[in-house]
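just coords:
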């Protein structure tokens, strides 16, 4: 998406009213690019199109100025109704350099050919130009004022106005020659004048159709190109086809006009994950825990839709954008104690002030205090005019209509400044924060009414294995009760997500495929246990391998090692080990932070701390280890057995001891890192 400019070079520092370009792929925006003039912009666009074409990718390139003029102008200028012929005419006649161009003179020439009083008007130069009126006095336009699209677009300016706030006429004159050169150079198709049968399409897009105010910390043009590109990249194919089915062969059309609600709906969709989001570098065999976590942190992004909700309904949801305080907290200076207020501090010694008959309590509108007087004030009361200092009531003697107290007292004592907690316009809650009780209080206190949040992450939990039976059923010899699914469902719920119980599936690939299809329709993430390695009955990894998205992570971790990661119908799948201890450890260490990011939260590492060991262990090098542990008498005890099937150790423990990849000789008293289950969110 390109925001164009008809003016001269804007200088090296990024600024508004310049040329900006934004790129998005699958709903993920790249950093907007500042282009100081049209020559730089043409070179950058050409380089970008070349790279995308060489990489085998298609480009939907939007530009924010009209591609055509009102009916009749094309024939009057070129003798034909072909709008692309008009592009060629402008390319042949427009002279353009970073510091000067001939757009006003060229417009005057066109006017003179049609009587000298129109269709173009507005001259931004200091010199007068014969044939180009500065205003609409005596102006006559032989053509329609606006295109049909502009008649339907609220607030659209006429293409004939070349200067002034909001004018787009100069952008068209200076933009069409550039697009004419680029379309011939790269064989681009121009919508809606040509069928979109090439890999590069030029499309007229107006960000103002759907976008509201930019964030305070961004240049509006830069934000608009980035957000428009992101929004359009998320439009579903069937909706896109409807938007492009327009017959406007001469005047052109504004993409999305009449489909504003569809574009806004697309803007709320989550970005698409790439098929390579889990792919490790070629040749990697055993991945250290830290590298695996960094890979997830770097490659994952939110996948849930975004909506606005009232603050009262936002608790438990994740902020999708930073929330600005609508009101300062406190909104006015107020007293922090019960006491007596007056103006200014006081030095050492005894001070006596006449006591006003008025009083200030919490909720009262601020009054006014006479000079040299004192006033009774109660905790939380807005300070009246003439009060900036308060002395505690315990330090005051009241007699004969006066108060007496002993100094010194500093100016501002026992008061709170307006906005000393949060100032209006400041960020009250950052993006990526799950709103809890403290955040709810802050949002309420700062007058926030609605919050942009992510929808809750829906996590489907599936157990696999021929040996599993449900609780309450009869387990035959060789069968076991499914412990992983209730464990993982409870973990998902405690992490703030929505658990979806998709049941258990025997070792049957067709049945598992059907269950995956069902889960993909209902959930944002699929969490499985069992079948995640590379054996004959490891159907989770086999199915993901068939989609071409599977990566079998061999993690240098104990318990655990195999993790099958991939996408099923664009939904991320975490294939956990089948042993319960390994399943929970891998879920906490890997799936927990990954699901937090997918839900819109910022990446978070669990908070651990060093404690003395209350055990002995000769740890071998090569793998990180997680031992079931609990704190007793200030030291970490570990469960006697490290077997992955010993579920009792999970109930016995209240956290994990994390041991590094390096060898360790641990004896009682050796510092070890202990992570309580609470740090994982359990």
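Done, it's in. Quick caveat: nothing in here was measured; it's all calculated off a predicted structure.

in the chain, what helix or strand scores lowest on average pLDDT?
strand 468-469 (a mean of 67; mean pLDDT, DSSP states H and E).

can you give me the buried ones in stretch 30-40?
For stretch 30-40, the neighbour count (16 or more other CB atoms under 10 Å) marks 32-38, 40 as buried. Every residue, glycine included, has its C-beta placed from N, CA and C.

no, scratch that, I was asking about stretch 659-666
Under 16+ other CB under 10 Å, the buried positions of stretch 659-666 are 659-661, 664, 666.

centre of the chain to that stretch, how far?
For stretch 659-666, the separation from the chain centroid amounts to 39 Å (computed by CA atoms, centre = their mean, to the nearest Å).

how far does that stretch stretch from start to finish?
Taking CA to CA, to the nearest Å, stretch 659-666 runs 10 Å from one end to the other.

cool, and stretch 632-646?
End-to-end for stretch 632-646, by CA to CA: 21 Å.

so what's the residue count around the nearest residue to residue 493 once chain neighbours are set aside?
In space, and not counting its chain neighbours, residue 493 is closest to residue 499: 5.0 Å by CB to CB, 6 or more residues apart in numbering. By other CB atoms under 10 Å, 20 other residues sit near residue 499.

what of residue 401?
Counted with other CB under 10 Å, residue 401 comes out at 9.

isn't residue 229 up against residue 23?
Yes - Residue 229 lies in contact with residue 23 (CB atoms under 8 Å); the separation is 5.9 Å.

give me the next element, helix or strand, following the helix or strand that contains residue 172.
Following DSSP states H and E, one finds residue 172 within helix 169-186. For helix 169-186, the succeeding helix or strand toward the C-terminus, using DSSP H and E, is strand 189-190.

any idea how far that next one is from the chain center?
Offset of strand 189-190 from its chain centre (CA atoms, centre = their mean): 32 Å.

what about residue 374, neighbour count?
28.

any idea how far residue 358 is from it?
Look at residue 374 and residue 358: by CB to CB, to the nearest Å, they are 11 Å apart.

please apply the same query to residue 581.
70 Å.

one more: residue 635?
Distance from residue 635 to residue 358, by CB to CB: 62 Å.

the more surrounded of the two?
residue 635 (17 against 14).

quick one: contacts for the more buried one?
By CB atoms under 8 Å, 6 or more residues apart in numbering, the residues touching residue 635 are 611-614, 668.

please apply the same query to residue 159.
66, 69-70, 146-147, 150, 168-169, 172.

check which helix or strand it maps to.
Short version, using DSSP H and E: residue 159 is in no helix or strand.

tell me which residues form a beta bridge with residue 203?
residue 62 (DSSP bridges).

doesn't residue 64 make contact with it?
No - using CB under 8 Å as the test, residue 203 is too far from residue 64 to be in contact (10.5 Å).

now, among the buried residues of stretch 659-666, which is nearest to residue 622?
Of all the buried residues of stretch 659-666, residue 661 has the smallest distance to residue 622: 6.4 Å, by CB to CB.

bridged to the closest residue to that closest one other than its chain neighbours, which residues?
Among residues not flanking residue 661 along the chain, residue 624 sits closest, at 5.4 Å (CB to CB, 6+ apart). Beta bridges link residue 624 to residue 557, judged by DSSP bridges.
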